[in-house]
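S.K.: the amino acid sequence is not available; the structure is as follows:
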């Protein structure tokens with residue numbers, strides 16, 4: 001029996017070797033690497049081929065050149081006053097995000113007398129407690145981004161994982177095995193592994209929309225991986241804090257931002273990416289509470305209107 005090939009999507013490969021997906025595609029063509037499709041029809045290569053690219057000296061040099069060119073481009077933003085425009089856009093977006101998060105906070109607080117958080121050991125109670133953390137973290141990310149801290153990105157996976165646990169408890173409360181996970185959460189202060197949560201949520205969503213569980217899990221795994229890099233001590237994400245030195249005789253960047261990011265575009269891109277976590281929080285809140293609480297009609301409408309707004313902004 002042939003060993004199953006592990007497929008790695010282009011988005012993850014490009015992140016690992018620090019090049020654009022377009023450049024990656026050209027490299028794959030030049031090196032005659034086979035392109036596969038995963039269950040979501042994303043372009044992928046085998047894990048073995050990815051490792052070959054990672055250790056290829058030509059690819060390594062292209063990656064280094066890409067990092068340097070990126071820094072030069074960021075420096076040109078300052079010279080051309082593009083930074084000033086981006087600062088205004090960041091301020092506008094964060095103001096909108098804060099308004100959205102405040103809506104979620106008010107909805108959460110509205111039902112505080114419905115839950116007995118000290119005595120109820122139900123999925124509903126657990127989800128309600130978990131969403132208190134989600135909302136707090138969303139506010140924390142806004143504060144970090146407002147002050148231009150790139151490491152705000154490390155909080156995004158924590159937000160998603162917290163929502164995953166809440167949803168996992170909601171869908172699995174009535175099964176014997178997963179009810180044990182809920183009991184452990186209350187009695188042993190142990191949270192279920194996120195891989196388990198993602199797998200069970202993928203199966204549940206597949207039963208609703210009638211597609212393959214693997215397709216849902218592949219999507220969740222890609223997002224998980226992209227956000228995981230920000231929380232792990234991996235090299236590439238740390239290099240996002242590199243700054244260009246224009247001093248005579250210095251040909252390569254050799255300094256880091258230790259506080260505020262020197263490059264507004266990096267923060268702006270992270271601010272745009274952050275919206276997906278806010279959207280996920282609204283969806284998760286509706287998913288967990290619309291029936292279990294249950295939510296009042298006007299509150300359901302508020303949550304659904306945000307979902308419609310997000311779809312309109314992104315499609």
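M.R.: Everything's here; your move. Every value quoted in this text rests on a predicted model; they were computed, and no experiment measured them.
S.K.: so what does residue 243 look like in phi/psi?
M.R.: phi -130, psi 150 (degrees, to the nearest 10).
S.K.: that one against residue 258, yeah?
M.R.: No: when contacts are counted by C-beta atoms under 8 Å, residue 243 is not listed as touching residue 258 (10.1 Å). Using the backbone N, CA and C atoms, a C-beta is placed for each residue, glycine as well.
S.K.: these two - which one has more neighbours?
M.R.: Set residue 243 next to residue 258 and count neighbours by other C-beta atoms under 10 Å: residue 243 wins out with 15 against 6.
S.K.: contact partners for the more buried one?
M.R.: The contact partners of residue 243, taken as C-beta atoms under 8 Å, 6 or more residues apart in numbering, are 71, 253, 255, 256, 257, 262, 263.
S.K.: let's go with 6 Å and repeat that
M.R.: By C-beta atoms under 6 Å, 6 or more residues apart in numbering, the contact set of residue 243 is 255, 257, 262.
S.K.: what's the closest of those residues to residue 292?
M.R.: Nearest to residue 292 out of these is residue 257 (C-beta to C-beta; 43.9 Å).
S.K.: just to revisit the earlier point, buried subset of the contacts of residue 243?
M.R.: Among the contacts of residue 243, those scoring as buried are 257, 262 (criterion: 16 or more other C-beta atoms under 10 Å).
S.K.: low-confidence stretches in the stretch 201-315 of the chain?
M.R.: Along the stretch 201-315 of the chain, segments meeting pLDDT under 70 span 208-228, 245-252, 310-315.
S.K.: quick one: the strands in the stretch 1-150 of the chain?
M.R.: Applying DSSP state E, counting those that start in this stretch to the stretch 1-150 of the chain gives strands spanning 7-9, 36-37, 43-46.
S.K.: and those strands as a markdown table, adding distance to residue 158, mean pLDDT and mean neighbour count?
M.R.: Compiled in a markdown table, the strands of the stretch 1-150 of the chain are given as follows (distance: least, C-beta to C-beta, whole Å; pLDDT from 0 to 100; neighbours: other C-beta atoms under 10 Å):
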| stretch | distance to residue 158 | mean pLDDT | mean neighbour count |
| --- | --- | --- | --- |
| strand 7-9 | 23 | 92 | 22 |
| strand 36-37 | 32 | 92 | 13 |
| strand 43-46 | 27 | 94 | 20 |
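S.K.: so which of those comes closest to residue 149?
M.R.: Ranking the strands of the stretch 1-150 of the chain by their distance to residue 149 (criterion: C-beta to C-beta) puts strand 7-9 first, at 28.5 Å.
S.K.: other SSEs contacting that closest one?
M.R.: strand 43-46 (3 or more C-beta pairs under 6 Å, 6 or more residues apart in numbering; DSSP states H and E).
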